[in-house]
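# Sequence first, then the predicted structure:
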Amino acid sequence: GAVVSQHPSRVICKSGTSVKIECRSLDFQATTMFWYRQFPKQSLMLMATSNEGSKATYEQGVEKDKFLINHASLTLSTLTVTSAHPEDSSFYICSASTPQEISDTQYFGPGTRLTVL
Amino acid sequence: GEDVEQSLFLSVREGDSSVINCTYTDSSSTYLYWYKQEPGAGLQLLTYIFSNMDMKQDQRLTVLLNKKDKHLSLRIADTQTGDSAIYFCGVSSNTGKLIFGQGTTLQVKP
């Protein structure tokens, strides 16, 4: 149980285009989903927290107009990188948690490697 | 805010025990987690411990928590080459977020 998928696993795009990344909880309902960014050989940096049906809460320094997050259902959240630039190239990982677990454990997706040319 | 520290690298021989350490600053943390990340993959939950516990064992994994010293460790018994990965300590904050350490790269030599 507690499987989270991401799609696509890898994407290459041209500078100036927008890219959408999907995060799905496959066998549980995720009231809260988190989006992280990870640079090579570094830890995870939390970008935003999204709750189903409400606006995402962004961390300091993360541009909400650049990284659009939608959490339209209890099993799906999307991250859209708008007008992507080479500095947006990174590994993006989502996670999901459910209130059915007392521990608020986060279950992570496999990540999406974004390369902007 | 919460600060979580880990050593960056650990090398062991196959069959030996590995001990990965983590220190944190927020004494109100409720849950503490260990995740494993293999190259190019997401984080895999290994185990977690509630803050009122001192120890938790799950097969080859033993988690020790010293709440007084704010020290968490993960012991892997009989370490195998398949255990080579980056291990992240994650500490829950009062905002519901997870704060991660920098990750410890475990290298297992045959």
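Received the coordinates, thanks.
# what sits against residue B:109?
Residues in contact with residue B:109 (Cβ atoms under 8 Å, 6 or more residues apart in numbering or on different chains) are B:11, B:12, B:13, B:14. Every C-beta, even on glycine, is put in place using the N, C-alpha and C of the backbone.
# And the first one, how close does it get to chain A?
Plainly put, residue B:11 is 16 Å away from chain A if you go by Cβ to the nearest Cβ, to the nearest Å.
# cool, the third one as well?
Summarising the geometry, the distance separating residue B:13 from chain A, computed by Cβ to the nearest Cβ, is 24 Å.
# residues touching the residue nearest the centre of chain A, list them.
Among the residues of chain A, the one closest to the centroid is residue A:35, at 3.5 Å (Cα atoms, centre = their mean). Shown in contact with residue A:35 (Cβ under 8 Å, 6+ apart): A:23, A:46, A:47, A:48, A:50, A:67, A:69, A:77, A:79, A:92, A:93, A:94.
# Quick one: name the residues of chain B near chain A.
The interface of chain B toward chain A, taken as Cβ under 8 Å from any Cβ of the partner chain, is made up of B:31, B:33, B:35, B:40-45, B:48, B:50, B:88, B:90, B:92, B:96-98, B:100-103.
# Buried ones among those residues?
Taking 16 or more other Cβ atoms under 10 Å in any protein chain shown as the criterion, what is buried in the residues of chain B next to chain A is B:31, B:33, B:35, B:41-43, B:45, B:48, B:88, B:90, B:92, B:97-98, B:100-103.
# Tally up the residues packed near residue A:60, please.
Using other Cβ atoms under 10 Å in any protein chain shown, residue A:60 is surrounded by 4 other residues.
# picking up where we left off before, and chain B, which of the contacts of residue A:35 reach it?
Counting by Cβ under 8 Å from any Cβ, the members of these near chain B are A:46, A:93.
# With respect to residue A:11, which of the contacts of residue A:35 is nearest?
residue A:92 (9.7 Å; Cβ to Cβ).
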